Each structure stands twice: as structure tokens, then as C-alpha cells.
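[1] Sequence and predicted structure, then a few things I'm wondering about:
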Amino acid sequence: MAHQYSSQPRLSPSSYGEDIRAVLAPRLAYFEAVARHEHVTRAAQELGVPQSTLSRAMVRLEQDLGVSLFARKGRTVSLTPAGRTFLGSAERALAEVEKAADSVRADADPTAGKVAFGFLHTMGSETVPALIRAFRADHPLVRFQLVQNYGEAMIERLRAGGLDLCLTSPVPDAPDLVARRLDEQRLRLVVPDDHRLATRRRVRLAEAADETFVTLEPGYGLRRITDDLCAEAGFVPRVAFEGEEAETLRGLVAAGLGVALLPPPAVARPGVVELTVTAPRAAREIGVAWLDGHPDTPPVAAFKKFLLSRRGHLLPE
């Protein structure tokens, strides 16, 4: 394995950081095997490559680094101090690659893989736990990475690759997404139990035009729906408070801070009365969204199929 090489790295200082991964990565496993066996022929046999290929790869590696990694005696080699330093880092890098491969294989396992699933805050108390419980009756080992957030934040996370699927409202309409409507949820006008409308069962939204509203923050789907419904009823709501949780708003209504348009609660809350809105029709669509063109792992495909099978009966009665 006689060779000659320059003491200077072949990569220029300006390109070194940019190119070094592409230069070194394919050769790390070769280097680790030669260093472990301290013998080129045995390492080549283990790797299943010609001895000449392995010898050239090690020479090229030393040329690119500009240092001697091996001291050679025939086909037997031993590590130089630089080689020992490089071996430690190479072994850690290869271990990380193996760990990453094991992780993605585990996540894609049909039986025990992972689903990254996002959902609205208002879906968290009953709807999502019921869905996961029903799905895991047939897929008991599938793991879930759950993210609870408002709609726009989940769509951003979906696009960034942090979610496989998200349950959201309104149902998004974007060229890079696929979205399917699953169900509809009626919204109610929530008023304090001593409010002038509290004795009513039904109300037109225009009758609340002079009221102060407590709403979710801009960017939340329910806030957009509230603004749109009020506009359809002929007024712009006066907002006293903008929050992040529907149940916080319900508590503030009970405290007399205002009224709110909200989905039904998981558990009835004292201090408020929930009125059916007859006009305009107050409802929100719930749908599931995913990135268009992205292949699904088997557990994601199974959960997506399950969600789509729940169309029309996604929400608890």
C-alpha cells in the first residue's frame, strides 16, 4: 500500500467546511474497519470490497485530510496519534448514523410505529382521547407524538415536517395540502346566567350586536369564524379580551366580562347559559389535513384511514 501524498489538504480553506462532509462521510465505515482490524485484507473481506479499492480509499482520505492516519508495514497497519483522534470521532459519527437509522425504522414499523398528530385545543378533552382509544383497540402498540395548538400554528408545523396529520378548523384550502372535511360542530352564544338573554333558548346573533365579546386571539380558526359570523349578522364585535383557551373564555363569560361564540363544553360549566344561534347558521367544519405528495409510513396511513372512516361521526354525541 505504498503511496505519496501532500501534507496540505486538497480542500481549500474556503470550501473545507462546505465540502468535508461529502468527502469524508462515504469513507468513515472503511476507515473504522481498517482501524479495527489493523489489516487491510481482513477489513476488505469484512466490508465485501476489493482490497485495492479499500487501499485507495484510505490513501485518498489521508490526502484530503492532509495527515497520516496509519503507519504501514505490508498489509498490516497501526493508527498514528492523528488516526486515533480521528477514529474516536468516526466511531461516534457512525454510531449516530446507526441510531438515526434505527429510529426512523422504528417510527415506520407497521405495528409499533409513530404518528405525529396535531389537534385544536378544543378537541383535547374528549374528541382526541376517544379517537386514539378507538384506534388503539386494533393498533395497541402504535405510538403518538401529540401536539395541541391553534390551526395556523399546526399548518406551519405540518409544512415544516413536524406533523404527519392535523385535526383543524376551518378546513384549510392550500395547493400544498390535502384536507378532508370530517364533521361539523355547532357553535353557541355563551352568556352569563344573569344576562338579559339567559332565559332564552335560541337567539339571533344580531341580538348580541351591542354586547362585549371575549374571543380567541387573531390567528385562531375560531376567532376567524367569530369575526365572519358577526360580520354576516351586520356588526363588528367589541372585544374585551383575547385568549388562547375556549374554557378560559367560558370562565370569563361566567365572571360577566362579556359573551362568546364557543363550541359545546366537555362538561357543563356553572354560571353560564349556552344559547342556540338561529341566524346566521353558527357552525364550524372540522377536518384533517396533511402535506400533498408526502408518502405515509404504515402507522400514519392506518391512522389516516381510521380518521377518514369517522367522517360524520368524529365528535362525541
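    Good, I have the coordinates.
[2] from here on, contacts and neighbour counts on C-alpha atoms
    Noted.
[3] residue ranges for the strands of the stretch 151-300 of the chain, please.
    165-168, 177-186, 188-192, 202-204, 212-216, 238-243, 260-262, 272-279, 283-291 (DSSP state E, counting those that start in this stretch).
[4] need these in TSV with distance to Val300 and mean neighbour count, can you?
    Putting the strands of the stretch 151-300 of the chain into TSV (distance: least, C-alpha to C-alpha, whole Å; neighbours: other C-alpha atoms under 10 Å) gives the following:
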stretch	distance to Val300	mean neighbour count
strand 165-168	8	27
strand 177-186	14	17
strand 188-192	34	25
strand 202-204	42	17
strand 212-216	31	24
strand 238-243	32	14
strand 260-262	31	28
strand 272-279	37	20
strand 283-291	10	21
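[5] Tell me which of these lies nearest to Arg310.
    Closest to Arg310 of these is strand 177-186 (C-alpha to C-alpha; 6.9 Å).
[6] chain center to the closest one, what's the gap?
    Taking C-alpha atoms, centre = their mean, to the nearest Å, one finds strand 177-186 lying 19 Å from the centre of the chain it belongs to.
[7] tell me what that strand is packed against?
    Contact analysis of strand 177-186 by 3 or more C-alpha pairs under 8 Å, 6 or more residues apart in numbering; DSSP states H and E lists strand 283-291, helix 298-309 as its packing neighbours.
[8] looking at the strands of the stretch 151-300 of the chain, which is closest to Thr297?
    It is, among the strands of the stretch 151-300 of the chain and with distance given as C-alpha to C-alpha, strand 165-168, at 11.8 Å.
[9] before we move on, the earlier item: quick check: which of the helices and strands packed on strand 177-186 is nearest to Thr111?
    Comparing these against Thr111 with C-alpha to C-alpha, the closest turns out to be helix 298-309 (7.2 Å).
[10] among the helices and strands packed on strand 177-186, which is nearest His39?
    Proximity of the helices and strands packed on strand 177-186 to His39 was assessed by C-alpha to C-alpha; the nearest stretch is helix 298-309, lying at 43.2 Å.
[11] angle of that closest one against strand 283-291?
    Counting by axes from the mean of the first three to the mean of the last three C-alpha atoms, to 10 degrees, helix 298-309 lies at 160 degrees to strand 283-291.
[12] Counting neighbours, which bits of helix 298-309 end up buried?
    Judged by neighbour count (16 or more other C-alpha atoms under 10 Å), helix 298-309 contains these buried residues: Pro298, Pro299, Val300, Ala301, Ala302, Phe303, Lys304, Leu307.
[13] pLDDT below threshold where in this protein?
    Low-confidence regions of the chain, defined by pLDDT under 70, span residues 1-23, 317.
[14] What is the end-to-end distance of stretch 184-199?
    Taking C-alpha to C-alpha, to the nearest Å, stretch 184-199 runs 27 Å from one end to the other.
[15] Quick one: distance of it to the chain centre.
    What separates the centre of stretch 184-199 from the centre of its chain is 36 Å, taken as C-alpha atoms, centre = their mean.
[16] Save the strands of the stretch 151-300 of the chain as TSV, and put in distance to Asp107 too.
    Shown next, in TSV, are these (distance: least, C-alpha to C-alpha, whole Å):
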stretch	distance to Asp107
strand 165-168	15
strand 177-186	22
strand 188-192	41
strand 202-204	49
strand 212-216	35
strand 238-243	35
strand 260-262	37
strand 272-279	43
strand 283-291	18
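[17] Give me the distance between the residue lying closest to Pro298 once chain neighbours are set aside and Phe303.
    Computed as C-alpha to C-alpha, 6 or more residues apart in numbering, the closest residue to Pro298 that is not its neighbour in sequence is Pro110, at 4.9 Å. Distance, Pro110 to Phe303, by C-alpha to C-alpha: 11 Å.
[18] and what of Pro26?
    For Pro26, the distance to Phe303 under the criterion C-alpha to C-alpha works out to 37 Å.
[19] and if you look at Ser103?
    Taking C-alpha to C-alpha as the measure, Ser103 and Phe303 are separated by 20 Å.
[20] How about Ala279?
    Counting by C-alpha to C-alpha, the gap between Ala279 and Phe303 amounts to 36 Å.
[21] Could you find the closest non-adjacent residue to Asp173?
    Counting by C-alpha to C-alpha, 6+ apart, Ala179 is the residue found nearest to Asp173 once chain neighbours are left out, at 7.2 Å.
[22] circling back to that earlier point, what sits against the residue nearest to Pro298?
    Applying C-alpha atoms under 8 Å, 6 or more residues apart in numbering to Pro110 gives the contacts Thr297, Pro298, Pro299.
[23] Next, work out how far apart Thr127 and Val40 are.
    Remark: distance between Thr127 and Val40 (C-alpha to C-alpha) = 61 Å.
[24] more neighbours, the two?
    Between Thr127 and Val40, counted using other C-alpha atoms under 10 Å, Val40 has the larger neighbour count: 26 against 15.
[25] All set, thanks.
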